[in-house]
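1. Structure here, sequence nowhere to be found:
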């Protein structure tokens with residue numbers, strides 16, 4: 001009798017202490033759960049072994065990346081339903097240890113062990129980061145982490161990001177339903193950054209974490225500045241240099257494979273750091289801020305564009321998301337906005353403006369997911385199926401996190417204000433809009 005789905009449903013509901021909001025389809029063809037709901041597809045017994053040997057988010061992530069788990073139906077709806085049941089239940093949620101004190105649950109787990117098959121832990125998918133020993137956020141470890149995320153093929157990123165090749169939050173004047181496009185929104189973001197920095201001919205700009213060169217090219221072409229862009233990704237640098245040459249801007253834009261800590265040719269008039277500071281880490285953040293302060297001339301401006309998490313009552317309890325750390329951004333860390341502002345001020349900056357663009361990132365991520373899903377077959381020719389599944393899941397989950405205000409993104413404009421006190425900003429600085 002094919003009854004694996006019903007047995008799984010009963011177990012999950014006993015463990016979670018609540019009805020399962022999604023339907024289950026098991027490897028034996030059986031189904032159970034609410035009709036019409038998104039379907040969690042358990043394709044094989046190996047998915048259960050992954051959860052038994054690594055309970056929690058990492059076990060689920062491994063099963064998803066390996067293709068042992070999938071979703072039929074709308075992925076966003078499935079993630080919302082599961083997030084409300086598992087990740088957002090707060091302190092009253094039943095813990096696994098507490099559930100296992102229930103004799104019925106213990107019996108169900110023993111049944112799950114029998115259902116899962118031979119008790120051998122499956123190997124992690126090849127897309128998972130292999131950790132090296134040593135301290136985090138050394139120059140070597142940062143190069144390795146950046147390579148894991150960005151050196152997966154420029155063709156794949158073209159497919160996901162579109163022609164703009166900007167891998168950070170766009171700035172939407174209007175969503176696509178009202179006539180806006182991703183390319184327009186990314187151009188508007190680059191122009192917003194340029195105006196906040198007060199770029200004009202004759203100035204020098206340092207673009208920290210320059211990606212595929214979009215900000216550097218925009219600043220040089222539209223505002224006549226000289227730009228140095230630095231990245232730790234060899235593939236990004238090669239792509240950016242070709243774009244610069246194609247634009248005829250080699251006399252104004254230099255792309256380097258270089259750690260920002262090794263830049264010594266200041267002073268610069270302005271620094272843009274867009275979607276890079278998340279890689280710095282809490283222990284190194286003050287060093288990052290001090291280094292950028294050192295590289296600016298007096299009166300120079302920094303535009304720091306960075307994702308932020310919500311503060312916790314006990315900040316020492318903060319843990320990096322297991323899935324993101326293992327498969328997406330190794331060693332990446334998010335800080336509350338207030339912490340970032342404090343560190344910039346400790347480094348000597350005067351923070352002059354903070355703009356939250358949280359909703360804009362949700363719109364951006366949904367467009368990237370749509371790009372990937374519409375070109376899924378092409379994506380599988382460019383990267384492994386596991387890599388494509390990683391990107392689809394992380395971008396969809398992040399879109400929901402921005403929409404639910406679980407994380408945000410902010411542009412912080414700071415000035416290396418001279419001792420005399422003149423910031424160089426107009427009295428009503430928001431004229432850049």
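-> Happy to help now that I have it. Just so you know, these numbers come straight off a predicted model, no measurement behind them. Numbers count the residues shown, from 1 in each chain.
2. For residue 42, give me phi and psi.
-> Dihedral angles of residue 42 (phi, psi; degrees, to the nearest 10) stand at phi -100, psi 100.
3. That one: neighbour count?
-> Residue 42 has 23 neighbours, counted by other CB atoms under 10 Å. Using the backbone N, CA and C atoms, a C-beta is placed for each residue, glycine as well.
4. got a list of what it touches?
-> By CB atoms under 8 Å, 6 or more residues apart in numbering, the residues touching residue 42 are 4, 5, 8, 24, 25, 26, 27, 48, 68, 69.
5. farthest pair in those?
-> Taking CB to CB as the measure, these span a maximum distance of 15.0 Å, between 5 and 68.
6. Can you lay out the contacts of residue 42 as TSV showing pLDDT?
-> Listed next are those as TSV, based on pLDDT from 0 to 100:
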residue	pLDDT
4	89
5	93
8	89
24	96
25	97
26	95
27	94
48	90
68	96
69	96
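7. what would those residues look like in JSON lines with secondary structure and distance to residue 318?
-> Formatted as JSON lines, the contacts of residue 42 follow (DSSP: H, G, I helix; E, B strand; the rest coil; distance: CB to CB, whole Å):
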{"residue": "4", "secondary structure": "helix", "distance to residue 318": "38"}
{"residue": "5", "secondary structure": "helix", "distance to residue 318": "37"}
{"residue": "8", "secondary structure": "helix", "distance to residue 318": "33"}
{"residue": "24", "secondary structure": "strand", "distance to residue 318": "33"}
{"residue": "25", "secondary structure": "strand", "distance to residue 318": "36"}
{"residue": "26", "secondary structure": "coil", "distance to residue 318": "37"}
{"residue": "27", "secondary structure": "coil", "distance to residue 318": "38"}
{"residue": "48", "secondary structure": "helix", "distance to residue 318": "31"}
{"residue": "68", "secondary structure": "coil", "distance to residue 318": "30"}
{"residue": "69", "secondary structure": "strand", "distance to residue 318": "27"}
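8. out of these, who's nearest residue 199?
-> Distance to residue 199 across the contacts of residue 42 (CB to CB) is lowest for residue 69, with 47.3 Å.
9. Next up, the contacts around that closest one.
-> For residue 69, the contacting residues are 40, 41, 42, 43, 47, 60, 63, by CB under 8 Å, 6+ apart.
10. Give me the subset of the residues you listed lying in strands.
-> Counting by DSSP state E, the contacts of residue 69 place 40, 41, 42 in strands.
11. All the strands of the stretch 301-433 of the chain, residue numbers only.
-> Ranges of strands within the stretch 301-433 of the chain are 350-356, 407-415, based on DSSP state E, counting those that start in this stretch.
12. Report all helices and strands that the last one contacts.
-> The reference is to strand 407-415. helix 182-196, strand 296-309, helix 337-346, strand 350-356, helix 358-374, helix 385-403 (3 or more CB pairs under 8 Å, 6 or more residues apart in numbering; DSSP states H and E).
13. Identify the residues contacting the fifth one?
-> By CB under 8 Å, 6+ apart, the surrounding residues in contact with helix 358-374 are 159-162, 169-172, 175-176, 182, 185, 307, 379, 388, 391-392, 395-396, 398-400, 402-403, 405, 407-409.
14. so where's the stretch 151-300 of the chain uncertain?
-> Along the stretch 151-300 of the chain, the model assigns pLDDT under 70 to residues 151, 177.
15. Strands along that one, start to end?
-> Ranges of strands in the stretch 151-300 of the chain, per DSSP E, counting those that start in this stretch, are 204-208, 226-231, 253-257, 268-274, 296-309.
16. now those strands in a markdown table, with distance to residue 352 and mean neighbour count?
-> Listed next are these as a markdown table, based on distance: least, CB to CB, whole Å; neighbours: other CB atoms under 10 Å:
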| stretch | distance to residue 352 | mean neighbour count |
| --- | --- | --- |
| strand 204-208 | 18 | 25 |
| strand 226-231 | 22 | 24 |
| strand 253-257 | 27 | 19 |
| strand 268-274 | 13 | 24 |
| strand 296-309 | 8 | 22 |
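17. re the thing from before, drop the exposed ones from the contacts of helix 358-374 and show what's left.
-> For the contacts of helix 358-374, a neighbour count by 16 or more other CB atoms under 10 Å gives the buried set as 159-162, 169-172, 175, 182, 185, 307, 379, 388, 391-392, 395-396, 398-400, 402-403, 407-409.
18. Show me where the stretch 301-433 of the chain dips below the pLDDT cut-off.
-> The low-confidence ranges in the stretch 301-433 of the chain, as defined by pLDDT under 70, are 432-433.
19. returning to what we had before: and of the helices and strands packed on strand 407-415, who's closest to residue 286?
-> Nearest of the helices and strands packed on strand 407-415 (CB to CB): helix 337-346, 5.2 Å.
20. Now do that closest one: which elements does it pack against?
-> By 3+ CB pairs under 8 Å, 6+ apart, helix 337-346 packs against helix 285-295, strand 296-309, strand 350-356, strand 407-415.
21. With distance to residue 33 as new columns, can these be given to me in JSON lines?
-> Shown next, in JSON lines, are the helices and strands packed on helix 337-346 (distance: least, CB to CB, whole Å):
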{"stretch": "helix 285-295", "distance to residue 33": "45"}
{"stretch": "strand 296-309", "distance to residue 33": "32"}
{"stretch": "strand 350-356", "distance to residue 33": "38"}
{"stretch": "strand 407-415", "distance to residue 33": "30"}
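22. Among those, which comes closest to residue 249?
-> Among the helices and strands packed on helix 337-346, the nearest to residue 249 by CB to CB is strand 296-309 (20.5 Å).
23. Return the distance of that closest one from the chain's centre.
-> Mean-position distance between strand 296-309 and its chain equals 20 Å (CA atoms, centre = their mean, to the nearest Å).
24. angle of it against helix 182-196?
-> With axes from the mean of the first three to the mean of the last three CA atoms, to 10 degrees as the basis, strand 296-309 and helix 182-196 are set at 140 degrees to each other.
25. Tell me which other helices or strands strand 296-309 touches.
-> If contacts are counted by 3+ CB pairs under 8 Å, 6+ apart, strand 296-309 sits against helix 182-196, strand 268-274, helix 337-346, strand 407-415.
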